[in-house]
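A.B. asks: The following block contains a protein sequence and its predicted model.
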Amino acid sequence: MLSAAAVMAPAAATQKSSLEVLLETLKKRDEQPKDAPPTLPARPTCRGRLPTTRRPSLPAGFKLENGMATVAATEAAVVDKKADAKEISGLEAKEEKPVKVSIFGAKRKFANAEALEESPYVDKFHEERKGTTVCKDPPSVSSATVKMNGKPACTDIMDYVLQKKLRVWCSSPNAKWELGQIQSISGNDAEILLANGKVLTVSPEQLLPANPDILDGVDDLIQMSYLNEPSVLYNLQLRYSRDLIYTKAGPVLIAVNPLKEVALYGRSSIMQYKQKTNDDPHVYAVADLAFNEMLRDGINQSIIISGESGAGKTETAKIAMQYLSDLGGASGTESEVLQTNVILEALGNAKTSRNHNSSRFGKLIEIHFSETGKMCGAKIQTFLLEKSRVVQRAQGERSYHIFYQLCSGAPPLLKKKLFLKSASDYNYLKQSNCLKIDGVDDSKKFTVLVDALDTIQISKEDQMKLFSMLAAVLWLGNISFSVIDNENHVEVVSNEGLATAAKLLGCTANQLVTATSTRKIRAGNDSIVKKLTLTQAIDARDALAKSIYANLFDWIVEQINHSLGTGRQFTWRSISILDIFGFECFNKNGFEQFCINYANERLQQHFNRHLFKLQQEEYLEDGIDWTPVEFVDNTNCLSLFEKKPLGLLSLLDEESTFPKATDFSFANKLKQQLSGNSCFKGEKEGTFKICHYAGEVTYDTAGFLEKNRDPLHSESIQLLSSCKCELPKHFASVMVADSQNKSSLSWHSVMDTQKQSVVTKFKAQLFKLMQQLESTTPHFIRCIQPNSKQHPRLFEHDLVLHQLKCCGVLEVVRISRTCYPISITHQQFAERYGFLLLRSIASQDPLSVSIAVLQQLNIPPEMYQVGYTKLFFRTGQVAALENAKRQMLHGTLRIQKHLRGLHSRQGYQRLKKGAMNLQSFIRGERARIHFDNLVKRWRAAILIQKYTRRRLAANMFNDQLSHIILLQSVMRGCLARRKYKCLQNEKESKASHNIVQGDTRKNNSESRICHEMNGHYPHEPVITELQGCITKAEAALRDKEEENVMLKRQLEQYERKWSEYEAKMKSMEEAWKRQLSSLQLSLVAAKKSLVADDATTRAARTDFTPTHAQYDSEDTLSTGTHTPEVIESRHHNHNPEAKVSAGNSDRRVNAVNHLAKEFEDRRQVFEDDAGFLVAVKSGQVGSNMNPDEELRKLKDRFATWKKDYKSRLKETKVNLNKVGTHDEKSRKRWWGKKSSK
């Protein structure tokens, strides 16, 4: 975009252009009614030639008429990008870098003058940029100026190329184009130096101009200076060799099948295209463009993927679905949509001679999205399944993948239930001598298939039904017949195939034999059973198998649609992906190729209509300067197919109704009726040729009538209806419903009732598809098969060129280089971009506003044209407008963002300040109420604890006292009785001892006298008894002494333990005393502080109201004492602030007194408990409690109380400080008031 100064600078005054005249005519409409249709202005003579003078701006408050219109479709914003210069064919690249061009969701920029320096139209191009009166197209080689395939090209271009000795394409003797450099020119010959070093002398007529090497490998064919066949092929081959398989051709994406894995996909690539950081051609870019246009315009989109068999259409559709699933993810439906590919490929794809995974049916996947872009469902439509592949195919091909996967990957239990064997045991599979595909594991594929069925939420019961019908089809192929007579009539051989097929279908073997080997012929009211010949029996068996498989395929598609349609009630718009069979041309082409190529003709007509016809018709209707571009129109070929009553389809249906008609008679009829049509050529031996848009194809009419009739006899339908299984019954009902006369239809009249033929049904499906595609915005992807050998890095020029011609790529590029793909009405343009004007203009006409915007943004005149009702832009110009709009909106949003942020912050600060003030008041009030409640609870709790503990202590003391007294009385009584007995025994012993002693002395004296006299002492028994007593006493004394020793030891141990306990108790008492002393000191300090504060407060009160001091009586006056209550009450009445201060002082006194009283009570309790435990431990007081355990509990209680007391003392200090601060503030406020007075 240019600077503001450049935008605002006035243009030089020149003559009025055609647009200025147009504006003057439009101004005359102001006098007409607003709803009157405008008069068409004169057709402009110049392509978008803008007026050279500036128009006045619109006035402030300008509003467009008719309100806001729908936003026009615009090109997505994109980013300019330059490609690096590359080496090609051994030639050095120049320093200049090519400018990439983008259509699919990316910015595009026209090549600058450097890219066109080798063109003879460079000077004219610069003149157009400067604003000449006649604007011409950029130099290019179009169909009107260049002739290809060796014919002479445009004289001025070739003269310039020959003069400058530039690069050219020369036609070699082997009919191939080779790139070379002109060395010299002599007469009518030119010497060309080829890339391999050879020098070739050719005529200038065999030369075509080659693009500069800087344009080699461009990602958009529109960028090529010279558009011809060798240049396009060389560009595609160069990109293909670098694994750049995607190339743009204007609005069409060309996808060359790499036939190998390439590093262009994955999560990282998806994120690049989602975030618009990559604008290279890709399927992701096409899908992203379709998704964004759907959200922006609210119009359904379609992605049409076409190409020949083996070109990679199926994989391309899967890649597009993967990207759309990622865009519309987070809904849970995307995984189910992706898994449908696995199921449809297994049942509808097969190996052919051209492709290992060829789709043998067409499908349209309609993906539904909500208004927010979330995927909410999908629907699948299928077209023309190739049923004949089930029973027969060419050598080297396979039937549908599902059969081989089932035989190879089914678990043993499932194989046992279905009586499955290996694939080589079934006639339907082994007849083509191809059972495996290199590099493909069918058993793993079967596991993936089962997982996909589970993801789609198809029940295990339905899966079992599916596999049972597949196994039944395989076993039907093993039913054999034997000829029983000379007329070739057959009967069914009773073998394993017959019995197993009957079990799987749920019918009897006899019913199956009847359906495959006999026919009922109605003769009046009677029925005659007729045996079939061998050929008829095989056809009947194969028809039954094909019918079962076709209906099974339709049934599984219905189940998938039912599963994917659960969220379709939230559907807003949809994106349809069409993956349909490509154009086919084999050595022998039959009925299937006939239908497939007819469908491709119809799709090509749709392609031509949207890219050629409609666009050019719009240019001519809107009156812009436009030269129509010629293209290959296939209207005549479509007329050959669809014309009534002499079209191919009508004649085929007509011939199919005749019972005796043959394929040969049908061929002859075509020759008779269509010999005058230029697109039809009758051949010999039942063949004919049709000139399709892709070339001539020869068809063999063998089997046309039978395949078009698609017969299934009444016996087969009756067999299916009589089966015990649900699916065969369902198939029979569907076949009956498809017939025309449903009400009067019976089982025996199915064959008699005229059914819709295959081509009629296919034509109806195709017309319905075309109507659906016409209601969408199409996006085209053309898939190209690089070679017929399915080898990577092999590029066959003839094959690729044939496909490019079939796709009409060259015509698309030509029209894209000269056309205006973006069209916007004047009203829509003014409403969308009118706000970009820096100054208002006088006229409110939408055209004036539009032209003023274009002038302001300096859009080159050759880049757009002004029509009667619309503005037409070349590719890339709307991107500049969108960029300017985005910048303007971005700046506006930034201003709004900052202003709204400022207002929000200011409002937030106000709300925050108010909330904080409110919270502080509320929290303060709550804290005060909570504190008062806590004080009351503390007081009540302490009071309750005091009385409770006193009561418990009294009860415990009384119990212990009674127990001690009882124990003491018992012990004292026992001791008294023992002592009394001891005293009594002692008294008796003393008395007896005295008597014995007296007698002993008397006897001793007598005995001594006698002994002395006789010389010996007499021996008496008393002495012996006394000696025994003495001995016993001595023994008892020894025992007592030993017992005393043991008791002394125990006493010493007890004394040591007691000393230890006493030391512990003393240490505990000292610790408690220290702690109590510290608490007491803290309490005393608090009291002193309270007294000081109270004194200060009372002194202040006394100072505050000295004149109002009152005394109670004369006595008080004389003594000088005051009554505190009276003074305080009067002072409070006089000073409200003093009331608050006095209340705070009383509250502080009460709190401190409460803590002091609690301290004294608790100290007394702990001292009493400790003393009691000491007494119990010392034995002074008898008790059955454990003193050690009680001591531990006492320590715990003391620690708990101390911790709680400290916290409450701390809170009291904090509250006292707060109250003191409040009193100080009150005194200051009062003093301030007094001072102000």
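C.D. replies: Good, I have the coordinates. Residues are numbered from 1 along each chain as shown.
A.B. asks: Just to be sure, residue 931 is in a helix?
C.D. replies: Yes. Assigned with DSSP: H, G, I helix; E, B strand; the rest coil, residue 931 falls within a helix.
A.B. asks: Spit out the contact partners of it.
C.D. replies: Counting by Cβ atoms under 8 Å, 6 or more residues apart in numbering, residue 931 touches residue 1215. (C-beta placed from N, C-alpha, C; glycine too.)
A.B. asks: Please determine how far it is located from residue 1155.
C.D. replies: Per Cβ to Cβ, to the nearest Å, residue 931 is found 14 Å from residue 1155.
A.B. asks: Kindly report the same for residue 231.
C.D. replies: Remark: distance between residue 231 and residue 1155 (Cβ to Cβ) = 105 Å.
A.B. asks: Between the two, which is the more surrounded one?
C.D. replies: More crowded of residue 231 and residue 1155, by other Cβ atoms under 10 Å: residue 231, with 23 against 20.
A.B. asks: what is the mean pLDDT for the helix or strand hosting the more buried one?
C.D. replies: For residue 231, the element it lies in under DSSP states H and E is helix 229-241. Regarding helix 229-241, the rounded mean pLDDT is 92.
A.B. asks: If we go by neighbour counts, what in whatever helix or strand comes next after it is buried?
C.D. replies: Using DSSP H and E, the helix or strand that follows helix 229-241 towards the C-terminus is strand 246-249. Residues of strand 246-249 classed as buried by neighbour count (16 or more other Cβ atoms under 10 Å): 246-249.
A.B. asks: now strand 246-249, how far from the chain's geometric center?
C.D. replies: 29 Å (Cα atoms, centre = their mean, to the nearest Å).
A.B. asks: Please apply the same query to stretch 210-225.
C.D. replies: 39 Å.
A.B. asks: Now that stretch: average pLDDT?
C.D. replies: Averaging pLDDT along stretch 210-225 gives 86.
A.B. asks: Next, the buried residues of it.
C.D. replies: Using 16+ other Cβ under 10 Å as the burial criterion, the residues of stretch 210-225 that qualify are 210-225.
A.B. asks: before we move on, back to that, closest to residue 468 out of the buried residues of strand 246-249?
C.D. replies: Closest approach between these and residue 468, by Cβ to Cβ: residue 246, at 43.8 Å.
A.B. asks: on contacts alone, who are the packing partners of the helix holding residue 231?
C.D. replies: strand 177-186, strand 246-249, strand 252-256, helix 797-807, helix 809-818 (3 or more Cβ pairs under 8 Å, 6 or more residues apart in numbering; DSSP states H and E).
A.B. asks: Now tabulate these in a markdown table and tack on distance to residue 1066 and mean pLDDT.
C.D. replies: Below are the helices and strands packed on helix 229-241 laid out as a markdown table (distance: least, Cβ to Cβ, whole Å; pLDDT from 0 to 100):
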| stretch | distance to residue 1066 | mean pLDDT |
| --- | --- | --- |
| strand 177-186 | 116 | 87 |
| strand 246-249 | 99 | 93 |
| strand 252-256 | 101 | 94 |
| helix 797-807 | 112 | 85 |
| helix 809-818 | 110 | 78 |
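A.B. asks: and residue 286, which of these is closest to it?
C.D. replies: Nearest to residue 286 among the helices and strands packed on helix 229-241 is strand 252-256; the distance by Cβ to Cβ comes to 5.4 Å.
A.B. asks: Can you name every helix or strand that that closest one contacts?
C.D. replies: Judged by 3+ Cβ pairs under 8 Å, 6+ apart, the packing partners of strand 252-256 are helix 229-241, strand 246-249, helix 283-297, strand 777-784, helix 797-807, helix 809-818.
A.B. asks: buried sites along the third one?
C.D. replies: Buried residues in helix 283-297, defined by neighbour count with 16+ other Cβ under 10 Å: 283-294, 297.
A.B. asks: Make JSON lines from the residues you listed and add pLDDT to it.
C.D. replies: Listed next are these as JSON lines, based on pLDDT from 0 to 100:
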{"residue": "283", "pLDDT": "96"}
{"residue": "284", "pLDDT": "95"}
{"residue": "285", "pLDDT": "94"}
{"residue": "286", "pLDDT": "94"}
{"residue": "287", "pLDDT": "94"}
{"residue": "288", "pLDDT": "93"}
{"residue": "289", "pLDDT": "92"}
{"residue": "290", "pLDDT": "93"}
{"residue": "291", "pLDDT": "93"}
{"residue": "292", "pLDDT": "90"}
{"residue": "293", "pLDDT": "89"}
{"residue": "294", "pLDDT": "92"}
{"residue": "297", "pLDDT": "85"}
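A.B. asks: JSON lines for those, including distance to residue 384?
C.D. replies: Listed next are the buried residues of helix 283-297 as JSON lines, based on distance: Cβ to Cβ, whole Å:
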{"residue": "283", "distance to residue 384": "25"}
{"residue": "284", "distance to residue 384": "30"}
{"residue": "285", "distance to residue 384": "31"}
{"residue": "286", "distance to residue 384": "26"}
{"residue": "287", "distance to residue 384": "26"}
{"residue": "288", "distance to residue 384": "31"}
{"residue": "289", "distance to residue 384": "30"}
{"residue": "290", "distance to residue 384": "26"}
{"residue": "291", "distance to residue 384": "29"}
{"residue": "292", "distance to residue 384": "33"}
{"residue": "293", "distance to residue 384": "30"}
{"residue": "294", "distance to residue 384": "28"}
{"residue": "297", "distance to residue 384": "32"}
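A.B. asks: Now do the domain split for this structure, please.
C.D. replies: 156-210, 282-590+766-785, 591-701, 829-875 (the TED database).
A.B. asks: Thanks a lot, see you next time.
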